[in-house]
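**Student:** what's the 3D shape of this:
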Amino acid sequence: YCSKISFVLQLQAKICNISCTFQLWSIIAGILHLGNLAFVDSESSSGDCYVANPEVLNNAARCLSVTPEQLHNALTSQVVAARGDVVAKTHDVNAALYTRDALAKAVYERLFSWVVERINESITVEQTSRYSKGTVIGVLDIYGFEIFGTNSFEQLCINYCNEKLQQLFIELVLKQEQEEYEREGIKWSKIDYFNNKIICDLVEMPRTGILSVLDEACANIGNVTDQVFLAELDKNLQSHKHYTSRNLRQSDKTVKHDEFRITHYAGDVTYSVNGFMDKNRDTLFQDLKRLMYN
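**Tutor:** Predicted structure coming up:
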């Protein structure tokens with residue numbers, strides 16, 4: 001079964017003029033090996049850590065064309081400039097896990113974009129008079145609406161994307177179609193619908209929207225925490241009928257003190273703000289960039 005899949009993928013890569021399939025598989029394997037890396041705290045008092053499974057480290061390094069030592073150093077420490085001096089700052093286990101995931105996501109994102117670019121190049125149409133308006137094939141494949149026991153930044157992004165798709169559907173299929181029926185005097189059964197623009201604005205509005213407030217919190221220098229971010233949301237959105245939190249509705253014990261709730265078109269979703277700022281920054285340290293550039 002796997003050999004059949006491999007054959008199909010190789011054939012598709014050939015059709016799309018992607019010749020370096022070995023490097024492509026190697027990078028994908030490297031990303032998978034990165035995800036299997038585990039870290040343990042060292043016995044020293046410096047708060048550093050090291051890779052617990054060196055064989056996985058060796059595999060990941062080989063697939064990414066770097067040495068195990070280089071990869072280990074980039075994942076467990078960070079070079080920072082402080083007052084003109086360059087200092088190596090060691091990571092604890094949590095920081096190393098964050099660094100590992102940031103590297104895996106960055107490599108995958110760049111690989112995915114590269115593959116899409118190659119596919120677009122292979123199927124592009126010359127802009128002749130016959131195709132003066134261009135020819136476009138659009139492919140959309142996203143997660144559906146998500147409501148979990150614990151919802152975080154990822155669920156907010158996915159659900160926001162679904163809200164935007166719902167808004168597009170409302171605009172193109174319902175609103176514009178019914179307006180056209182009215183202009184042409186066509187009889188039809190009017191469809192009542194909820195315009196979810198108010199929810200999209202809740203997330204994307206400049207200055208007061210959730211994403212704008214989050215970006216502002218991440219840009220501030222100082223002790224700005226996830227709880228400070230939540231307090232700023234409450235301040236900006238306290239009168240919005242699709243937003244609430246424990247601070248705004250003290251009697252609602254179903255929302256915790258580190259959560260807020262949005263009434264989406266598909267239902268209520270409660271989001272935990274823990275980790276929101278770190279996930280929004282999604283920082284890729286310079287050490288990792290230098291490692292992969294080399």
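
**Student:** switch to C-alpha atoms for all contacts and neighbour counts from now on
**Tutor:** Fine.

**Student:** So which bits of whichever helix or strand residue 182 is part of are buried?
**Tutor:** Using DSSP states H and E, residue 182 sits within helix 176-184. When burial is assessed from 16 or more other CA atoms under 10 Å, helix 176-184 yields the following buried residues: residue 178.

**Student:** From the contact counts, what lies against it?
**Tutor:** Helices and strands touching helix 176-184, by 3 or more CA pairs under 8 Å, 6 or more residues apart in numbering; DSSP states H and E: there are none.

**Student:** Name the residues that touch it?
**Tutor:** 187-188, 190 (CA atoms under 8 Å, 6 or more residues apart in numbering).

**Student:** so what's residue 195 up against?
**Tutor:** 167, 170.

**Student:** my guess is it is in a helix, correct?
**Tutor:** No - according to DSSP: H, G, I helix; E, B strand; the rest coil, residue 195 belongs to no helix; its state is coil.

**Student:** how far away is it from residue 265?
**Tutor:** 9 Å (CA to CA, to the nearest Å).

**Student:** what element comes up after the helix holding residue 182 heading to the C-terminus?
**Tutor:** Helix 176-184 is succeeded, C-terminally, by helix 197-204 (DSSP H and E).

**Student:** Flag every buried residue along that next one.
**Tutor:** Buried residues in helix 197-204 (16+ other CA under 10 Å): 199-200, 202-203.

**Student:** Pick the one among these closest to residue 106.
**Tutor:** Closest approach to residue 106 among those (CA to CA): residue 203, at 24.9 Å.

**Student:** give the contact list for that closest one.
**Tutor:** Counting by CA under 8 Å, 6+ apart, residue 203 has contacts 160, 209-211.

**Student:** from those, which is closest to residue 103?
**Tutor:** Residue 103 lies nearest to residue 211 out of these, by CA to CA, at 23.5 Å.

**Student:** That closest one: helix or strand, and which one exactly?
**Tutor:** Using DSSP H and E, residue 211 falls in helix 210-219.

**Student:** Could you list every helix and strand in contact with the helix or strand immediately after that helix in the chain?
**Tutor:** Per DSSP H and E, the first helix or strand lying C-terminal to helix 210-219 is helix 226-237. For helix 226-237, the packing partners by 3+ CA pairs under 8 Å, 6+ apart come out as helix 210-219, strand 243-245.

**Student:** try 7 Å
**Tutor:** The contact analysis (3 or more CA pairs under 7 Å, 6 or more residues apart in numbering; DSSP states H and E) places helix 226-237 against helix 210-219.

**Student:** same for the helix it packs on, what does it pack against?
**Tutor:** Short answer (3+ CA pairs under 7 Å, 6+ apart): helix 210-219 packs on helix 197-204, helix 226-237, helix 276-281.

**Student:** So for the helix holding residue 182, mean pLDDT?
**Tutor:** The average pLDDT within helix 176-184 is 85.

**Student:** Check the burial of the closest residue to residue 33 other than its chain neighbours by counting its neighbours.
**Tutor:** The spatial neighbour of residue 33 that comes closest, neighbours along the chain excluded (CA to CA, 6 or more residues apart in numbering), is residue 60 at 5.1 Å. Using other CA atoms under 10 Å, the number of residues around residue 60 comes to 27.

**Student:** And the helices in this protein, which stretches?
**Tutor:** Remark: helices assigned in the chain by DSSP state H are 2-15, 21-35, 54-63, 68-76, 93-123, 153-169, 176-184, 197-204, 210-219, 226-237, 276-281, 286-293.

**Student:** Any idea which of these gets closest to residue 42?
**Tutor:** helix 93-123 (9.4 Å).

**Student:** Pull out the buried positions in that closest one.
**Tutor:** 93, 95-108, 119.

**Student:** relative to helix 68-76, how tilted is that helix?
**Tutor:** Helix 93-123 runs at 110 degrees relative to helix 68-76, counting by axes from the mean of the first three to the mean of the last three CA atoms, to 10 degrees.

**Student:** Helix 93-123 - contacts with which helices or strands?
**Tutor:** helix 21-35, strand 39-41, helix 68-76.

**Student:** out of the contacts of residue 203, what pair is the most spread apart?
**Tutor:** Spatial extent of the contacts of residue 203 (CA to CA) is set by the pair 160 and 209 at 12.0 Å.

**Student:** Residue ranges in the stretch 51-200 of the chain under the pLDDT threshold?
**Tutor:** Flagging of the stretch 51-200 of the chain using pLDDT under 70 yields the residue ranges 81-84, 125-135.

**Student:** rerun at 80
**Tutor:** Within the stretch 51-200 of the chain, the set of residues satisfying pLDDT under 80 comprises 80-87, 121-141, 188, 190-191.
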